[in-house]
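# Have a look; sequence and predicted model below, questions after that.
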Amino acid sequence: MGEEAIDWATCSSCPTRRNRIKFLLGGAVIALAVVYLIFTATQSTTAYFFTISELYTRGEAVYDRYVRVSGRVTHEAIQFDPRELILRFQIADENGQVLSVVFHGPKPDQLRPDAEAIVEGKFDGKVFTAQTILMKCPSKYEEEEKGVVEEKAEAVR
Amino acid sequence: MAADLGYVALLLAFVLSIFAALAAWWGEHRRTIELVLSARNAVLAVAGLLTLAIALELYLLLSSDFRVMYVAQVTNRAMPAFFKLTALWGGQAGSLLFWSWLMSLFAAVAVISSWQRTRILIPKVIVVTQLTLAFFLSLISGIWAPLASPLKVLGITAAAELMAEMERLTPFYQLVFTPVDGSGLNPLLRHWGMIIHPPLLYLGFVGFVIPFAFAVAALSTCQADDLWIRVIRRWTLVAWLFLSMGLLVGMWWAYGVLGWGGYWGWDPVENAALMPWLTGTAFLHSVIIQERRGMFKVWNMVLVMITYSLVIFGTFLTRSGVVSSVHAFAQSGVGPLFLGFVATTFVASVILLFARLDSLRSENALDSLVSREAIFLLNNLLFLAIFFVTFWGTIFPVVSELLAGEKAIVGPPFFNQVNGPLFGLLVLTMGIAPLMPWRRASSGKLARLVLWPILAGLATTLGLLVVPTLRQFVILPGTSLRIVPVTAFYGLLAFTLVVIGQEFWRGIRTRRRVTREPYLTALVNLVQHNRRRYGGYLVHLGVVMIALGVVGTNFFKVETQRNLAQDESFTITSPLTGIYTVTYVGLSTFLIAEDVQRTAATLRITREGELISLLQPAQDFFILQEQAMTIPAMRHSLAEDLYIILAGWEDGGATATFKAFVEPLVNWLWLGGLVFIFGTVVAMWPTQVEERRAAVAASASGHAVVTRS
């Protein structure tokens, strides 16, 4: 009789333990799925920041990658065809390395020589095709809010 | 004079807040009620002093006393008085003062209102709130500036410079000269949305400090039963309501004012406000399980602690310049101090949690995977997963630079890819949860309850996939790949919607069976006598509507960009309503205020040859600030918005460039937001009177059925 009672006790505690395992397994599956999602999405959506010099040294390795490059707009002519919305200009880094940029979209107002531009897009070895242009300008405000010191333009195609 | 007085008030408030924390601590330790009473009075005095400081700052702003640096930074003479007042939270120092003031008021109200019921918790609540407050006050009272010289001696010059700058962060800091005029408030912020957005967010942030204070008090006094949970329920809901409103108003402003055709960009600062909302929402749900079943106690503590840390971390993200954000404050010494504070409080609360783990033993175990508890657990895991994804994406640039030495970011595609499916699952749990009985579900009953919702969901998904006239709405040229997730999501929404409807219907039917009321009366009474439950359902309804808008704008948004000569036109095809033709009529320039020049293009919008609207997208030029601002023009309807921006013009308007968006279902997002807020207010409205009345009515008519939840 005594042994039976002990059996009873273990049996009644069994389901909870099995439940706990079930829940831990379920939680683990969710956690793994989320980690997997994060991992793959991080790999496929990371945009690297490069200086123009870095972009050139990396060469072909970055040709198909979405990258972000910043530099000052040079004094070379800024060409803009408003009808077709094609914008061509050059940016340079402190080492004097120059990058030609083409952008299909409206010309940001702040885009003028010596302004700081951040371009995002792809480089094919010759020309950088920008998807977005972000213009940074000195602000009079201590607090910099969205769109003030930065002007963003996005490509049409 | 006023500035000196204000500074003195600020310093006194700082000293008194520390005194309050020490006195409360010592008073509890020594069981000396006089000390605790003294601490309580100090809490009130701090609130009074900060109210005085705020009043003085407002006076300085109104009187344009530009000798005070903050006034010169955020206002100018030309600004209307109203904007001068709201400039209080337009800059770093002022918004920190505002934050502190709200914190002091919340603390005072919490201490006074809980004094009778939960006196045992009060000392520690005072300690936590006043230490948090003291930290914020230390930032704006120049306390850290004297650290500059020893740091310099030690050779840490960068830190020394940051600390030295802290002296000027005081909202009462006076320049040695008086500038003729100030810089003025950023034109983008001169909008009611931007005026109420920061206070709403701050109220939300500050509000979450109170639950944390009670949680810590409950833990450290070994009173971690249900007492603290009951006390903080309304505080949590209030904080959550303000945070939700802050997020919604911010989205609305971004959409209507910023002119980029979107409302959410997964920017670090947006994420900073979203993250505590996510963990706070998880807490609101899991706390129900603790109330009902005495489970998830440790989990709830963890959620409160994380939420508090995220509130401080969010403030840090916004103000430190660590993560480059489009709307970050300029870099300052505030950053490292915040990081230090958030790390200290987080570690301290984790240690406290482990020390008191014994008192948080669960009273019940999970019985079955098919139960409401299990669904709530799943819902919590999903909220935490979304939080973690957002956190990872936000700090990724920092991690990448530290570990890989490469500067890199993940943009909106990352967040959408990962969080999208998780949000979908969340809607599913939201739909199922109300159907699930506690403990374990009997399959027969469950099947009966899910029958209609599942049929509705399947019908929606299949209908959208199969019926040709509906199918055209979910297929865009070249984007057929998305059709499965999109239709599945709409199916989910239909499922959830029917669940909510069914819940209301069941409630009304049960009521009517007893009371024979007309339907509408039954509905009103049902909600009134069970506000928490049906308010919750209303919130869920709001979420479904918001999701409808989010899915619509994310998957079916159409955009085009064209340069037009006068009388030229372009077309843009809406997936829901057909083709719009947009014709450029002309451009005109005129002054709309003394210092604001508007350039507006007139566009004729036609559909099948019929004029449906005239739109005037514009650019405002703020002459003093030399700054342009885009004013989008919109044609609203329940189906969609036609949203047009004037992107540029040439030769005085001979040609102009336009960007046009069709934003399907976007207005459901804003309407859903209203329902969401209404639902929250219903859920948290004081119910004492109602409960008493309901109890009387229930005992009179013998129906306990309607109050079952």
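Yep, it's here.
# Flag the shaky bits of chain A, pLDDT-wise.
A:1-19, A:137-153, A:155-157 (pLDDT under 70).
# Could I get the full set of strands for it?
A:46-50, A:67-73, A:79-81, A:86-92, A:98-104, A:116-123, A:127-136, A:150-154 (DSSP state E).
# Check the stretch 451-600 of chain B too.
For the stretch 451-600 of chain B, the strands defined by DSSP state E, counting those that start in this stretch occupy B:558-565, B:569-574, B:578-593, B:596-607.
# Show me what the first one is packed up against.
If you count contacts as 3 or more C-beta pairs under 8 Å, 6 or more residues apart in numbering or on different chains; DSSP states H and E, strand B:558-565 packs onto strand B:569-574, strand B:578-593, strand B:655-664. For glycine as for every other residue, the C-beta is placed from the backbone atoms N, C-alpha and C.
# Out of those, flag the one nearest B:Glu167.
Smallest distance to B:Glu167 across the helices and strands packed on strand B:558-565 (C-beta to C-beta): 36.6 Å, for strand B:578-593.
# Next up, the contacts around the residue sitting nearest the centre point of chain A.
The centroid of chain A falls nearest to A:Ala47 when counting by C-alpha atoms, centre = their mean (3.9 Å). When contacts are counted by C-beta atoms under 8 Å, 6 or more residues apart in numbering or on different chains, A:Ala47 touches A:Arg65, A:Tyr66, A:Val67, A:Arg68, A:Glu120, B:Ala408, B:Ile409, B:Val410, B:Gly411.
# cool, and B:Leu58?
Contacts of B:Leu58 by C-beta under 8 Å, 6+ apart are B:Leu85, B:Leu88.
# sorry, back to before: could I get the strands of the stretch 451-600 of chain B in CSV, plus columns for mean neighbour count and mean pLDDT?
Below are the strands of the stretch 451-600 of chain B laid out as CSV (neighbours: other C-beta atoms under 10 Å in any protein chain shown; pLDDT from 0 to 100):
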stretch, mean neighbour count, mean pLDDT
strand B:558-565, 18, 89
strand B:569-574, 16, 90
strand B:578-593, 15, 92
strand B:596-607, 19, 94
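# any chance of those in JSON lines, plus distance to B:Phe396?
Shown next, in JSON lines, are the strands of the stretch 451-600 of chain B (distance: least, C-beta to C-beta, whole Å):
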{"stretch": "strand B:558-565", "distance to B:Phe396": "27"}
{"stretch": "strand B:569-574", "distance to B:Phe396": "35"}
{"stretch": "strand B:578-593", "distance to B:Phe396": "39"}
{"stretch": "strand B:596-607", "distance to B:Phe396": "40"}
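# B:Leu426 and B:Asp267: what is the separation?
22 Å (C-beta to C-beta, to the nearest Å).
# How about B:Gln73?
23 Å.
# which of these two has more neighbours?
Neighbour totals were compared for B:Gln73 and B:Asp267, and B:Gln73 leads with 26 against 19 (other C-beta atoms under 10 Å in any protein chain shown).
# pLDDT weak spots in chain B?
For chain B, the ranges with pLDDT under 70 are B:319-333, B:441, B:468-482, B:687-709.
# Let me see the contact set for residue 27.
Chain wasn't specified; assuming chain A. By C-beta under 8 Å, 6+ apart, A:Gly27 lies in contact with B:Leu381.
# ah, I was thinking of chain B
B:Ile33, B:Glu34, B:Leu35, B:Val36, B:Leu37, B:Ser38, B:Ala39, B:Pro123.
# Please give the element, helix or strand, for it.
Per DSSP states H and E, B:Gly27 falls inside helix B:2-29.
# before we move on, what SS does B:Val418 have?
helix (DSSP: H, G, I helix; E, B strand; the rest coil).
# Give me the neighbour count for it.
B:Val418, neighbours per other C-beta under 10 Å, totals 27.
# thought it was touching A:Phe39?
No: the criterion here is C-beta atoms under 8 Å, and B:Val418 misses it with A:Phe39 at 9.7 Å.
# what's the neighbour count on B:Leu360?
By the criterion of other C-beta under 10 Å, B:Leu360 has 18 neighbours.
# returning to what we had before: who wins for neighbours among the contacts of A:Ala47?
B:Val410 (24 neighbours).
# Now do the same contact list for that one.
Neighbouring residues of B:Val410 by C-beta under 8 Å, 6+ apart: A:Ala41, A:Thr42, A:Thr45, A:Thr46, A:Ala47, B:Gly393, B:Phe396.
# From B:Val418, how far out is it?
Taking C-beta to C-beta, one finds B:Val410 at 9 Å from B:Val418.
# And B:Phe313, by the same measure?
20 Å.
# what does B:Leu357 give?
32 Å.
# Check B:Gly578 too.
35 Å.
# repeat for B:Val486
17 Å.
# A:Thr129 too?
27 Å.
# again, but for A:Phe80
A:Phe80 is 38 Å from B:Val418, by C-beta to C-beta.
# same deal with B:Lys407?
21 Å.
# Then B:Val111?
For B:Val111, the distance to B:Val418 - C-beta to C-beta - is 42 Å.
# Check B:Leu492 too.
If you go by C-beta to C-beta, the gap between B:Leu492 and B:Val418 works out to 18 Å.
# Same question for B:Leu493.
20 Å.
# swap in B:Val8?
Counting by C-beta to C-beta - B:Val8 and B:Val418 are separated by 51 Å.
# Got phi/psi on the closest residue to B:Arg532 other than its chain neighbours?
Take B:Arg532 and drop its neighbours on the chain: the residue closest to it by C-beta to C-beta, 6 or more residues apart in numbering or on different chains is B:Ala683, 5.2 Å away. In terms of degrees, to the nearest 10, the main-chain angles of B:Ala683 are phi -70, psi -30.
# Check whether B:Ala683 really touches B:Asn530, as I assumed.
No: in this structure B:Ala683 lies outside contact range of B:Asn530 using C-beta under 8 Å: 10.0 Å.
# hang on, A:Ile133 packs against A:Gln110?
No: with contacts counted by C-beta under 8 Å, A:Ile133 stays clear of A:Gln110, the gap being 9.5 Å.
# Same drill for those two, tell me which one is more crowded.
A:Ile133 (26 against 19).
# residue contacts, that one?
A:Ile133 touches A:Val101, A:Phe103, A:Gly105, A:Pro108, A:Leu111, A:Ala117, A:Ile118, A:Val119, A:Glu120, A:Lys152, A:Ala153, counting by C-beta under 8 Å, 6+ apart.
# Highest neighbour count among those residues?
A:Phe103 (27 neighbours).
# Spatially nearest residue to B:Leu449, not counting backbone neighbours?
Using C-beta to C-beta, 6+ apart, the closest residue to B:Leu449 is B:Leu435 (4.5 Å).
# where does that neighbour fall, phi/psi-wise?
Dihedral angles (degrees, to the nearest 10) for B:Leu435: phi -80, psi -20.
# if I pick it, what's in contact with it?
Applying C-beta under 8 Å, 6+ apart, the residues contacting B:Leu435 are B:Leu446, B:Leu449, B:Val450, B:Pro453, B:Val499.
# So B:Ile112 versus chain A, what's the distance?
Relative to chain A, B:Ile112 is positioned 35 Å away (C-beta to the nearest C-beta, to the nearest Å).
# ugh, wrong one, B:Val180
15 Å.
# So that residue: helix, strand or coil?
Per three-state DSSP, B:Val180 ends up coil.
# tell me the phi and psi of it?
Torsion angles, degrees, to the nearest 10, at B:Val180: phi -70, psi -40.
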